[in-house]
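**Q** fold the following and give me the result.
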Amino acid sequence: MKIGILQTGHSPDDFRESLGDYGQMFTRLLDGHGFEFEIFSVVDNEFPDSITAADGWLITGSKHGAYELHDWIPPLEEFIRDTYADGRPMVGVCFGHQIIAQALGGKVEKFAGGWSVGRTEYDMGDHKVALNAWHQDQVVERPEGAEVIASSHFCANAGLIYDNRIWTIQPHPEFGHDFIDGLLRTRGKGVVPDHQIEAATATLNAPLDNNDIAKEMAEFLKKNRKERA
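**A** The predicted model follows:
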């Protein structure tokens, strides 16, 4: 099964060479699940020719806001709507989670409650997971038909599912503690409140459920393809 990765941003220059760009992080996260991958840097206006160029799609995180006026955002939203109409499976993470909601009629904004950074626990109904977060923007109004599959005390719409066609999540299962440590030391300084940086730094050795979420993502993509076949 071929997964097209729509890369909507680049990881920081400071540690891109050692830890990889966003697209590469997802190929590592989903390694071992039988996928082949192709990365399209849509942030640089590199789009696939068609939604049929892959069996399923994944939209990455980004430093950009879904509501910002970039020339690549409208065609990305159109791509999302076309994919949803086709029923081809799609997964979105952080910015991907937000842009999908916006494209399908939801609302994204810079959250008045501030930032969520570092290891965070999410309620996924019958169980909880711990994943790294790095965001201030969030989905504040869900699109019609979107159901909540994950939430936290800070983020009510932390995970959404759309008619078993699209699965999205706000935190970052592709971010290990090494990447979050880099963000805390570079992008966080002077932006994220000091007490949150200190709290996130204190949890850098705590366990994460990245592999469990990777398995859930992979199963969603495969199951959806089988249902369409």
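**Q** quick one, grab the pLDDT at the most centrally placed residue in the chain.
**A** Most central in the chain under Cα atoms, centre = their mean is residue 93, positioned 0.9 Å from the mean C-alpha point. What the model reports for residue 93 is a pLDDT of 98.
**Q** from residue 6, how far out is residue 177?
**A** Residue 177 is 26 Å from residue 6, where distance means Cβ to Cβ, to the nearest Å. Bear in mind the C-beta positions are built from the backbone N, C-alpha and C, glycine included.
**Q** and for residue 157?
**A** 21 Å.
**Q** who has more neighbours, the two?
**A** residue 6 (27 against 23; other Cβ atoms under 10 Å).
**Q** now what about stretch 175-184, what contacts it?
**A** Applying Cβ atoms under 8 Å, 6 or more residues apart in numbering, the contact partners of stretch 175-184 are 11-12, 14-15, 19, 25, 117-119, 131-132, 134, 192, 197, 200-201, 204-205, 208, 210.
**Q** roughly how far is it from the heart of the chain?
**A** Chain-centre distance of stretch 175-184: 16 Å, with Cα atoms, centre = their mean, to the nearest Å.
**Q** before we move on, what about stretch 155-164?
**A** 12 Å.
**Q** go on, stretch 164-174?
**A** That offset, for stretch 164-174, works out to 5 Å (Cα atoms, centre = their mean).
**Q** pull out the buried residues from that stretch.
**A** 165, 166, 167, 168, 169, 170, 171, 172, 173, 174 (16 or more other Cβ atoms under 10 Å).
**Q** ditto for stretch 39-46
**A** Buried residues in stretch 39-46 (16+ other Cβ under 10 Å): 39, 40, 41, 42, 43.
**Q** TSV please, covering those residues and showing secondary structure.
**A** Shown next, in TSV, are those (DSSP: H, G, I helix; E, B strand; the rest coil):
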residue	secondary structure
39	strand
40	strand
41	coil
42	helix
43	helix
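**Q** which SSE is residue 82 in?
**A** helix 73-86 (DSSP states H and E).
**Q** now what about that helix, what contacts it?
**A** Contacts for helix 73-86 (Cβ under 8 Å, 6+ apart): 6, 8, 42, 47-48, 51, 57, 59, 66, 90, 99-100, 102-104, 162, 165-166.
**Q** what's the answer for stretch 216-229, then?
**A** So stretch 216-229 is in contact with 1, 3, 30, 33-35, 55-56, 58, 87-89, 91, 164-165, 167, 173, going by Cβ under 8 Å, 6+ apart.
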